[in-house]
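Trainee: The following block contains a protein sequence and its predicted model.
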Amino acid sequence: MKIYVASSWRNPFQPSVVTELRELGHEVYDFRNPTEGNSGFAWSDIDENWEQWTTDEYKQALIHPIAEKGFKHDFDAMKWADCCVMVLPCGRSANTEAGWMKGAGKKVYVFQPIEQEPELMYKIYDEVIGSVVELREIFKTLVDA
């Protein structure tokens, strides 16, 4: 199965989820390493003062060639993937990615490795997974969609 892992750069669980899924034989997109020699998109590649941007500066950055390239890598991978694993805790981008993928008819699994505040709208997704053991069990049985 081709899997898109959506999460946050700040999430310490994301790398191990990518590894687990690959060890089970799945093809996995890793936004931290989208292609050989590419360490993924970062706003700081456009401007190291990105955290102080105004809305207008942010809008301009969205059309910067670096942002366009980063978006293309991730969005192409979203279209390529059969399903999504959203690894919590995560932010707005991962929630947007998972929502788009569900809307595109793909399965979306929410992996919650630590207890968090419940989210009612995650009911739209296919399953909430609470442990690595459960993640392994589910993805051992899944085949190409």
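Mentor: That came in fine, so what should we check first? Residues are numbered from 1 along each chain as shown.
Trainee: Do a quick rundown of the strands in this protein.
Mentor: 2-6, 27-29, 83-87, 107-111, 127-129 (DSSP state E).
Trainee: what helices or strands is the fourth one leaning on?
Mentor: Here strand 107-111 touches strand 83-87, helix 92-103, strand 127-129, going by 3 or more Cβ pairs under 8 Å, 6 or more residues apart in numbering; DSSP states H and E. From N, CA and C alone the C-beta is placed, and that goes for glycine too.
Trainee: Might you report the residue contacts of the closest residue to residue 112 other than its chain neighbours?
Mentor: Leaving aside its chain neighbours, residue 112 sits nearest to residue 88 (4.7 Å; criterion: Cβ to Cβ, 6 or more residues apart in numbering). Residues in contact with residue 88 (Cβ atoms under 8 Å, 6 or more residues apart in numbering) are 7, 11, 110-114, 116.
Trainee: of all the residues you listed, which comes closest to residue 25?
Mentor: residue 111 (18.0 Å; Cβ to Cβ).
Trainee: Out of the contacts of residue 88, which is nearest to residue 40?
Mentor: residue 7 (11.7 Å).
Trainee: Tell me how far the helix or strand of the chain with the lowest mean pLDDT lies from the chain's centre.
Mentor: Every helix and strand of the chain was ranked by mean pLDDT, DSSP states H and E. The lowest is helix 132-141, at a mean of 94. Distance of helix 132-141 from its chain centroid, counting by Cα atoms, centre = their mean, to the nearest Å, is 18 Å.
Trainee: for it, packing partners?
Mentor: Secondary-structure packing of helix 132-141 (3+ Cβ pairs under 8 Å, 6+ apart): helix 14-23, strand 127-129.
Trainee: Make JSON lines from the ones you listed and add mean pLDDT, mean neighbour count and distance to residue 103 to it.
Mentor: Converted to JSON lines, the helices and strands packed on helix 132-141 look like this (pLDDT from 0 to 100; neighbours: other Cβ atoms under 10 Å; distance: least, Cβ to Cβ, whole Å):
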{"stretch": "helix 14-23", "mean pLDDT": "97", "mean neighbour count": "17", "distance to residue 103": "22"}
{"stretch": "strand 127-129", "mean pLDDT": "97", "mean neighbour count": "17", "distance to residue 103": "17"}
